[in-house]
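1. sharing a sequence plus its predicted fold:
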Amino acid sequence: MIQNLYETHIQVQDLQASIAFYKDLGLELSLVIEERRVAFFYIGKDRQLLGVWEVPAGTEVRKRHFAFGTDLENLEKSIEWLRAKGLSPVPVFGRDPVEPIVHTWMPAAAVYFNDPDGNELEFIAWLPDEPRELGYAPYLSEWQALHQKS
């Protein structure tokens, strides 16, 4: 029945700043409804949707987390790509953002960063290996070294 996640929505303080941020990430702005203070972006070739809703002044943003899928080649360049855009990857699972980390139970490699409102965003790429529980999230290079020895 379920084949994918079609859309997700987040809250922001400043719609125009968020439109600029998500356009700079490469998302395609598809619709802005000024009177509702919402913008919609297409994501990827299947055109999933991200809805960005501005909250009324004085209202706290309810922060969310979601991940953008990518391939491993792009993920390996994502930290430099983010920094070139003036964005800072964030530490996750006690690891500094010096390279992607691996969710070993999937397995998939990931890099985390935040939007201007503190929504936690992630770039993630599936890995071709079998899941392996290590009890921690290794860096991608550590994961790859483990799989070269196996």
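-> Structure received. On a predicted model such as this, the values are computed, not experimentally measured, just so you know.
2. what comes up buried for the helix or strand residue 109 falls within?
-> Using DSSP states H and E, residue 109 falls within strand 108-114. The neighbour-count check on strand 108-114 (16 or more other C-beta atoms under 10 Å) flags 108, 109, 110, 111, 112, 113 as buried. C-betas here are computed from N, CA, C, even on glycine.
3. and the contacts of it?
-> Here strand 108-114 makes contact (C-beta atoms under 8 Å, 6 or more residues apart in numbering) with 67, 72, 75, 78-79, 82, 87-90, 92, 97, 100-103, 120-127, 140, 143.
4. just after it, pick out the following helix or strand.
-> With DSSP H and E, the next secondary element past strand 108-114 is strand 120-126.
5. helices or strands up against that following strand?
-> With contacts taken as 3 or more C-beta pairs under 8 Å, 6 or more residues apart in numbering; DSSP states H and E, strand 120-126 sits against strand 65-69, helix 72-84, strand 108-114.
6. winner for burial among the ones you listed?
-> strand 108-114 (a mean of 22; mean count of other C-beta atoms under 10 Å).
7. what sits against the most centrally placed residue in the chain?
-> Geometric centre of the chain, nearest residue: residue 122, 2.4 Å, by C-alpha atoms, centre = their mean. Counting by C-beta under 8 Å, 6+ apart, residue 122 touches 65, 66, 67, 68, 110, 111, 112, 113.
8. re the thing from before, need the helices and strands packed on strand 120-126 in a markdown table (columns: mean pLDDT and distance to residue 20).
-> Output for the helices and strands packed on strand 120-126, formatted as a markdown table (pLDDT from 0 to 100; distance: least, C-beta to C-beta, whole Å):
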| stretch | mean pLDDT | distance to residue 20 |
| --- | --- | --- |
| strand 65-69 | 95 | 17 |
| helix 72-84 | 97 | 16 |
| strand 108-114 | 98 | 15 |
